[in-house]
Structure formats: structure tokens, C-alpha cells
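S.K.: need the 3D shape of this:
(one chain, ligands or ions: 2)
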Amino acid sequence: MKNILFVSGEGLPFIKSGGLADVIGSLPAALTKRGEGAAVVLPMYKRIIEKFPELKEECTFRVHSGVIDKQCVLYSTKIDEVIYYFIRQDDYFYRDGLYGYADDGERFIFFCHAALDMLPHIKFKPDVIHTNDWHTGMIPIMCKQEYTDPEYKKYKHVYTIHNLLFQGNFPKETMRCLNLSDHYWNNGDIKFDNGISFMKAGIIYADKVTTVSQTYAREILTSEYGERMEKVLANKGDNLLGIVNGIDIDNWNPSTDKALYKNYSINDIRNKKACKRSLQYQLGLRVADDVMLIGIVTRLTWQKGMHLILDKLTNIMNQDVQLVILGSGDNYIENELKKIESTYPHRAVFYCGYNEELSHRIYAGCDLFLMPSLFEPCGISQLISMRYGTIPLVRETGGLKDTVQPFNEYDGTGTGFSFRYFRGDEMMHVLAYAIKVYYYNKAGWRKLIRQAMSVDVSWDNSAREYSQLYESM
Ligand code: ADP
Ligand code: GLC
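M.R.: Residues are numbered from 1 along each chain as shown. Ligands and ions are numbered 1, 2, ... in the order given. Modelled structure (predicted):
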């Protein structure tokens with residue numbers, strides 16, 4: 001058994017902007033259930049300071065991040081068996097948002113240095129440092145090339161790509177925050193275009209690179225999905241692998257979920273209808289059992305196939321369906337969606353923003369969950385919706401392909417609906433089929449619900465795969 005230190009830009013229950021936070025909030029706990037040791041280190045954002053005043057101050061130390069020399073304060077807490085550390089540096093992290101600032105390169109190089117510098121100050125002694133996405137991609141090269149203390153040479157490095165689109169590419173002058181010579185720029189290891197790339201450095205210097213589904217692990221080797229990193233990734237050979245995400249099945253449990261109007265389980269799903277009526281009522285939709293309610297919970301970006309949905313909105317609403325969309329993001333998409341309520345009164349609703357509780361009610365109250373992503377490294381939403389008996393309709397890409405089995409009317413197998421090519425008419429074709437099954441093959445639909453709810457979306461299998469990976473190192 002090993003000790004794993006997860007380093008991440010976000011993680012539940014403290015801070016979340018997307019699925020990365022779900023993973024960091026549940027995989028470490030799943031590993032501790034298997035007997036591994038697990039700790040997580042996060043930046044201490046303003047929201048964490050405000051929402052978690054009980055965090056314990058551990059110590060203060062200075063961090064030399066190239067030309068930057070600043071003090072930071074280390075906080076900690078423990079939830080069940082997982083230890084959480086927080087790097088507090090208010091110049092960098094006491095801000096309203098998480099990412100998207102002009103000095104992100106400097107902020108996250110500082111965070112990476114602080115996460116490594118904290119190691120002599122804490123009791124937790126990692127065997128493996130598990131970094132995630134661009135925010136922490138610099139850690140393997142820093143640990144291997146900047147730190148001379150032999151302790152730092154013992155750590156093994158796993159780097160998980162949750163989304164290859166966001167690469168942490170910054171101007172070359174960001175190198176002033178690294179304690180690395182120009183050699184690593186000149187040899188091309190961190191150079192990308194004319195700047196530096198955290199993602200590239202993570203891929204090259206980690207001992208193992210993983211991504212969050214097997215299909216995405218294959219897709220990113222192609223120019224279509226590789227975001228210009230496909231050659232760097234191909235060089236990893238067998239050291240690149242896909243391990244599909246799970247979800248926290250205690251938090252996401254329709255039989256105990258406190259956000260729901262009524263609880264239900266696979267053994268008795270009658271209350272799912274009550275959840276639907278209560279959701280319709282809450283949102284101002286016509287309250288009716290017998291109309292298909294379609295749900296979407298998402299960041300509003302092109303990645304999530306929002307252009308297919310906008311293109312086909314009229315066609316979707318020409319069917320006998322209701323639609324609820326919860327999300328925020330791209331301004332154009334938000335503005336387009338804001339029109340739907342007046343165009344389709346009592347039939348379509350857009351809730352603009354982030355709302356955890358409403359998301360639970362949508363996962364429970366809808367009949368169908370629409371997720372026609374352009375690409376999807378894994379996807380957490382379709383896993384949650386299956387657990388809540390809400391049938392996913394997805395595009396066959398990345399983790400969506402690996403986790404949703406298309407319905408087969410002849411033998412009754414399947415857990416959802418899917419289409420292959422990223423085209424509006426393909427999506428509409430499958431949606432029309434799903435609508436037909438919903439209205440005219442009620443036994444088939446009930447079977448689909450049971451099958452979706454029976455899918456094992458827990459971390460059990462994938463945590464075992466991560467354990468095996470750590471062990472192999
Ligand atoms: P991604 O990480 O690419 O955004 P995932 O499907 O992996 O996509 O994870 C998204 C997570 O964020 C899910 O837990 C989903 O329920 C949640 N989520 C996304 N948008 C919202 C929102 N507007 N309100 C509440 N939860 C949201
Ligand atoms: C990223 C991906 C999403 C994945 C999540 C967690 O945000 O877009 O597909 O589920 O990370 O790994």
C-alpha cells in the first residue's frame with residue numbers, strides 16, 4: 001500500500017468548477033477504503049476561507065518561486081481518512097474566481113512550489129505525487145530538476161489529464177517564476193509555440209500519464225482530439241493509459257439525497273415521478289407525468305455540444321417534450337438560452353448559474369439527460385443521471401462512449417441512447433427514437449431505468465486500477 005498526495009486546483013467538498021472537483025473529492029477517499037494513504041493539497045481560495053473557518057493553521061514558510069519570494073500559510077483538516085492541506089497566499093488566491101486571471105502562470109507555479117515545499121513540514125510522507133490538469137503540470141519537472149534534496153528524488157509522479165483543451169500555456173517570461181535554467185526551454189521540454197506549457201511539461205516529466213477514460217486515451221493520440229499534443233502523448237507509449245472516473249455514490253444516492261422532494265431507489269422508483277412533478281412546479285413548467293422532461297446540467301461551452309442544441313432547439317421543442325437547462329459559461333450561449341422561456345412558456349426553462357441543489361433535483365426529476373459533447377474526457381453528469389434513473393442521450397466520444405451502452409430494442413439491453421457523428425440531424429434522429437420508446441414502449445423505458453440504475457458507477461473498479469498503477473511504480 002502506498003501514500004498518494006493529490007495536488008489539484010479544485011476539489012470537493014471545498015471548491016468546485018467542474019468534474020475535476022468531483023474526482024478529487026471522491027477518488028482519494030475510495031483509495032483509503034482500499035488501505036492506501038491519501039492526502040490532497042489545494043490553493044486556499046477566498047471561497048474556502050469564507051466557507052470553512054474551522055481549518056487548522058499548521059505552519060508558515062517562505063516559497064522561492066524563481067524571482068518571486070513570498071510567504072504562505074499552510075492549513076489542514078481531515079475528512080474520514082483523507083488529509084487536506086491548503087496553501088494560503090492571499091495575493092494569489094484571495095479572489096472571487098479560481099482561474100482565468102492574467103497572472104495564472106505565476107499563481108500556479110507558486111502553488112506547485114508551495115505544494116512541494118510543504119512536504120518537509122507535514123507528517124504525511126507520499127510515495128506518489130498525483131497531479132491533475134494544467135494547474136499542477138509543472139510539479140514533476142520541478143520535483144525532478146529543481147529540488148536537490150534526495151527525498152525529492154524518491155517520489156513517483158502520476159499526471160492525470162482531465163481535459164487536454166486547457167493546457168496552461170503562458171508567455172516565455174513566466175519562466176522567471178521557475179527555478180529552472182533556460183536549458184529546459186531550449187531542449188523543447190516545456191516550450192510550446194513561443195511560450196511554456198504546463199500540460200506539455202506534465203506529460204513529459206510524469207512517470208505515468210493517465211486520462212479519465214480509455215476511449216479518450218486513444219482519441220488524444222489523433223490530430224482531431226490531440227489539441228496539438230498528440231505527438232508528445234504518443235511518445236509516452238505504454239506509460240499513457242485511461243482509467244474511467246467513478247462518482248461518490250453516497251453523495252449521489254437517490255434513496256438518501258436530501259435535495260430531493262422524495263427519495264426513491266431501484267427497488268421502488270415510484271417517487272421519481274413525485275420528484276418530476278415537484279421539479280416542474282418549482283420551475284414553472286406544466287406539471288404533468290406524461291410528458292418527457294429533458295434535463296441538461298453543464299458548463300455552457302462548445303465542448304458540451306451546446307451549438308448542436310442551439311441549432312436544433314426549435315426541432316427539439318417541436319416534439320412533445322419539456323426542457324430544463326442549468327448552466328453558466330459562454331455569454332453568447334447564455335444569451336441565446338435566456339430567450340427560451342418566453343418562446344416556449346411553461347415548456348422550457350433556463351436557470352443561468354451554478355446551483356448544486358437544483359442539479360440534484362434535475363438529475364432526479366428528469367426522464368432524459370442530454371449530453372451531446374463534441375469531446376468528453378470522461379463526463380460525470382451521465383454517471384450521475386444513470387444512478388438517478390434518468391436516461392442519458394450522449395454522443396459516442398470519450399467517457400460517454402465507455403459508460404453509456406445504447407438501448408437495443410430487440411434484446412432490451414442498454415442504459416441510454418447515443419449517436420456517433422457530431423451532427424444535429426444525428427442527434428435529432430436518436431432523440432426522436434428515444435421519444436418513441438418513452439411514449440410507446442413503456443415497458444422498454446422502465447427496463448432502461450432499471451438497467452441504468454444498476455450500472456456500477458462507484459469508484460470500486462477504477463480505484464483498484466489506480467492502486468495497481470501506483471504499485472507498479
Ligand atoms: P466538466 O468537468 O467538463 O464540466 P463533468 O460532467 O465531468 O464535466 O462534470 C461536471 C460536474 O459539474 C457535474 O458534477 C455537474 O453536475 C456539475 N455542474 C456543471 N454545471 C453545473 C451547474 N450549473 N450547477 C451545478 N452543478 C453543475
Ligand atoms: C474534465 C472533463 C470531464 C471529466 C472531468 C473529471 O472537466 O471535461 O469530461 O469528467 O474533467 O475527470
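S.K.: run a quick neighbour tally on residue 274.
M.R.: 17 (other CB atoms under 10 Å). Every residue, glycine included, has its C-beta placed from N, CA and C.
S.K.: just give the closest residue to it, not the sequence neighbours.
M.R.: residue 262 (4.3 Å; CB to CB, 6 or more residues apart in numbering).
S.K.: in contact with that neighbour, which residues?
M.R.: By CB atoms under 8 Å, 6 or more residues apart in numbering, the residues touching residue 262 are 271, 274, 275, 278.
S.K.: from those, which is closest to residue 156?
M.R.: residue 275 (45.1 Å; CB to CB).
S.K.: residues from the stretch 151-300 of the chain in reach of ligand 2?
M.R.: Counting by CB under 6 Å from any ligand atom, the stretch 151-300 of the chain comes close to ligand 2 at 162, 163, 212, 245.
S.K.: you'd agree the last one is up against residue 19?
M.R.: Yes - taking contact to mean CB atoms under 8 Å, the distance of 7.2 Å between residue 245 and residue 19 places them in contact.
S.K.: any residues in contact with both of these two?
M.R.: 378, 380.
S.K.: now do the helices in the stretch 301-450 of the chain.
M.R.: Assigned by DSSP state H, counting those that start in this stretch, the stretch 301-450 of the chain shows helices spanning 306-311, 313-317, 331-337, 340-343, 356-365, 381-387, 398-403, 424-440, 442-454.
S.K.: can I get those helices in JSON lines including mean neighbour count and distance to ligand 1?
M.R.: Putting the helices of the stretch 301-450 of the chain into JSON lines (neighbours: other CB atoms under 10 Å; distance: least, CB to the nearest ligand atom, whole Å) gives the following:
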{"stretch": "helix 306-311", "mean neighbour count": "20", "distance to ligand 1": "12"}
{"stretch": "helix 313-317", "mean neighbour count": "16", "distance to ligand 1": "19"}
{"stretch": "helix 331-337", "mean neighbour count": "16", "distance to ligand 1": "11"}
{"stretch": "helix 340-343", "mean neighbour count": "13", "distance to ligand 1": "16"}
{"stretch": "helix 356-365", "mean neighbour count": "21", "distance to ligand 1": "4"}
{"stretch": "helix 381-387", "mean neighbour count": "27", "distance to ligand 1": "4"}
{"stretch": "helix 398-403", "mean neighbour count": "25", "distance to ligand 1": "8"}
{"stretch": "helix 424-440", "mean neighbour count": "17", "distance to ligand 1": "18"}
{"stretch": "helix 442-454", "mean neighbour count": "17", "distance to ligand 1": "16"}
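S.K.: backbone dihedrals for residue 222, please?
M.R.: Dihedral pair for residue 222: phi -100, psi 160, per degrees, to the nearest 10.
S.K.: what's around it, how many residues?
M.R.: 11.
S.K.: contacting residues for residue 436?
M.R.: Residues near residue 436 by CB under 8 Å, 6+ apart: none.
S.K.: sorry, back to before: so which of the residues of the stretch 151-300 of the chain next to ligand 2 sit within helices?
M.R.: Within those, no residue falls in helices by DSSP state H.
S.K.: number of nearby residues for the nearest residue to residue 13 once chain neighbours are set aside?
M.R.: Leaving aside its sequence neighbours, residue 13 sits nearest to residue 25 (CB to CB, 6+ apart; 6.1 Å). By the criterion of other CB under 10 Å, residue 25 has 23 neighbours.
S.K.: could I get the phi/psi values of residue 25?
M.R.: phi -80, psi -10.
S.K.: can you tell me which of the contacts of residue 262 is nearest residue 220?
M.R.: residue 275 (37.4 Å).
S.K.: which parts of the stretch 1-150 of the chain are strands?
M.R.: 3-7, 37-43, 56-65, 68-79, 82-88, 128-132 (DSSP state E, counting those that start in this stretch).
S.K.: show me what from the protein comes close to ligand 1.
M.R.: 18-19, 22, 297-299, 326-328, 354-356, 359, 378-381.
S.K.: ok, 8 Å please
M.R.: 16-22, 162-163, 245, 247, 297-299, 303-304, 326-328, 351, 353-356, 358-359, 363, 371, 376-382, 384 (CB under 8 Å from any ligand atom).
S.K.: narrow those residues to those that are buried.
M.R.: Buried by 16 or more other CB atoms under 10 Å: 16, 18-22, 162-163, 245, 247, 297-299, 303-304, 326-328, 351, 358-359, 363, 371, 376-382, 384, out of these.
S.K.: re earlier: can I get the strands of the stretch 1-150 of the chain in JSON lines including distance to ligand 2 and mean neighbour count?
M.R.: Shown next, in JSON lines, are the strands of the stretch 1-150 of the chain (distance: least, CB to the nearest ligand atom, whole Å; neighbours: other CB atoms under 10 Å):
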{"stretch": "strand 3-7", "distance to ligand 2": "13", "mean neighbour count": "24"}
{"stretch": "strand 37-43", "distance to ligand 2": "15", "mean neighbour count": "24"}
{"stretch": "strand 56-65", "distance to ligand 2": "27", "mean neighbour count": "14"}
{"stretch": "strand 68-79", "distance to ligand 2": "20", "mean neighbour count": "16"}
{"stretch": "strand 82-88", "distance to ligand 2": "18", "mean neighbour count": "23"}
{"stretch": "strand 128-132", "distance to ligand 2": "8", "mean neighbour count": "26"}
